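*Asks:* For reference, the sequence and a predicted model appear below.
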Amino acid sequence: MRYSIMLQLVGFITVILVSAAALFAWIQNRPVAEPGRIETQDLNQI
């Protein structure tokens, strides 16, 4: 019984760490707009 609880705990912590690492890698590698330039949609084109 205790082995299964520990296995679930280790699996849960592993999933959290892997997803946090993936999120951090995605944030680091996404393209960044030029400073001072805000990309917005022009609402006058409707």
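*Replies:* Now that the structure is in, tell me what you want to look at. Everything quoted here is computed from the prediction, not taken from an experiment.
*Asks:* the helices in the protein, which residues?
*Replies:* 2-29 (DSSP state H).
*Asks:* Could you list the low-confidence segments of it?
*Replies:* Residue ranges of the chain with pLDDT under 70: 33-46.
*Asks:* how about a cut-off of 90?
*Replies:* For the chain, the stretches flagged by pLDDT under 90 are 1-2, 30-46.
*Asks:* ok, Ile16 to Leu9 distance?
*Replies:* 11 Å (CB to CB, to the nearest Å). Every residue, glycine included, has its C-beta placed from N, CA and C.
*Asks:* To clarify, my last question referred to Tyr3.
*Replies:* 11 Å.
*Asks:* and if you look at Val18?
*Replies:* Taken as CB to CB, the span from Val18 to Leu9 is 15 Å.
*Asks:* Tyr3 and Leu9: who's more crowded?
*Replies:* Per other CB atoms under 10 Å, whichever of Tyr3 and Leu9 has more neighbours is Leu9, with 10 against 7.
*Asks:* what's the spacing between the more buried one and Trp26?
*Replies:* 26 Å.
*Asks:* For burial, what's the neighbour tally of Ala20?
*Replies:* Neighbour count of Ala20, defined by other CB under 10 Å: 10.
*Asks:* And it, how far from Gln28?
*Replies:* Distance, Ala20 to Gln28, using CB to CB: 13 Å.
*Asks:* Likewise for Ser4?
*Replies:* As judged by CB to CB, Ser4 and Gln28 stand 36 Å apart.
*Asks:* same thing with Gly11?
*Replies:* 26 Å.
*Asks:* So for the two, which sits in the more crowded spot?
*Replies:* The neighbour comparison of Gly11 against Gln28 (other CB under 10 Å) goes to Gly11, with 10 against 7.
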